[in-house]
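Student: my questions are about this predicted structure, shown below with the sequence.
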Amino acid sequence: MVLEKYEYLVVAPGTGAYAEYLALRHAVFCEELGRIVPDGRSTAGVAIESDHYDVHSLHVLCRVKDTGAAVGCSRLILPGPNGLNVHARYKLSCAPETPVGQVGEIGRLALASSLRRYRTEGARVGGRRRALGSAGDSVHSILKREGPVVALGLYREIFNLASRYGITHCYAAMEPALARLLTRLGFPFEEAGPLNVAVSPARQPYLIGAQAVRSGLAARNSCLYQFMFGSLDLPPQRMRSVAAWPVPSEGGVYQDAGLHI
């Protein structure tokens, strides 16, 4: 099963796994997407991407169990001396009514190029591939697909870490289309400021609360709730269809599969 193929690790600075994590960030954000200018840093001859928020962040790496290949990553920025990345790059018009020490930020969420490829996830309809999550797709069917599984697994690990560290709300910057998609899935991201057209592609800050995630998923589908939280303390309900996963662009590459900040 796809769900059993991957493992998620919280990686610590100074370890080999942490070096793999930073190397994946460099590969995705610097080389493939061109969203971050490389600064020449490397470890053991391998280029890495890091910034000053990493020192007060928690870092998650996803690997293929059989091969050990790094295929996904994300981080949770905790309150710290450098603040949050979102404060430096976006104008915020919304702040949670909660102590600053309980507000974090989700960022650097990315998938390896092998999982961003469209590959066989969509069937051809009239000579064209059907978009992931088209009418008739259920959460169960989405959870059979590797890219979405890894992305959702990264969100799951980040939200679990937030709970363990007392973080009740998280900022995240993303393209509005992705925010709408995640909201339809049951992750109720709220606009926290205007669109920043100075970054490419243009992104907007959003805010989400931990309790809102549980409530949102509970109201929409039990399958995804169970996947995220590991237990099903909900009354039995019919599994519902969900909105489309990110539509593939020309060439068969996902337009977005996470929070690319």
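Tutor: Looks like it came in fine.
Student: after the longest helix along the chain, next one along is what?
Tutor: In the chain, assigned by DSSP state H, the helix with the most residues is helix 146-164. For helix 146-164, the following helix or strand on the C-terminal side (DSSP states H and E) is strand 169-174.
Student: go ahead and confirm residue 86 touches residue 105.
Tutor: Yes - using Cβ atoms under 8 Å, residue 86 is in contact with residue 105, at 5.4 Å. All C-beta atoms are positioned from the backbone trio N, CA, C, and that covers glycine.
Student: more neighbours, these two?
Tutor: The neighbour count for residue 86 versus residue 105, taken as other Cβ atoms under 10 Å, is higher for residue 105 (27 against 24).
Student: which strand or helix spans that one?
Tutor: strand 103-111.
Student: just residue 206 next, same as before
Tutor: Under the criterion of DSSP H and E, residue 206 resides in strand 204-209.
Student: and that strand, what other elements does it pack with?
Tutor: strand 169-174, helix 176-185, strand 190-191 (3 or more Cβ pairs under 8 Å, 6 or more residues apart in numbering; DSSP states H and E).
Student: tell me the contacts of the nearest residue to residue 201 once chain neighbours are set aside?
Tutor: Using Cβ to Cβ, 6 or more residues apart in numbering and skipping the chain neighbours, the partner closest in space to residue 201 is residue 175 (5.8 Å). Residue 175 is in contact with 201-204, 256, counting by Cβ atoms under 8 Å, 6 or more residues apart in numbering.
Student: just the CA atoms of the strand holding residue 105, as CSV, please.
Tutor: Coordinates of each C-alpha in strand 103-111 appear next as CSV, following Å, rounded to 0.1, in the frame of the first residue of the first chain:
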residue,chain,number,x,y,z
VAL,A,103,2.0,31.0,16.9
GLY,A,104,4.3,29.2,14.4
GLU,A,105,4.7,29.0,10.7
ILE,A,106,4.6,26.2,8.2
GLY,A,107,7.1,26.5,5.4
ARG,A,108,9.6,24.8,3.0
LEU,A,109,7.1,22.1,2.2
ALA,A,110,8.1,20.5,-1.0
LEU,A,111,8.1,17.2,-2.9
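Student: for the record, mean pLDDT for the following helix or strand past that strand?
Tutor: Proceeding N to C from strand 103-111, the next assigned helix or strand is helix 113-116, under DSSP H and E. Mean pLDDT, helix 113-116: 88.
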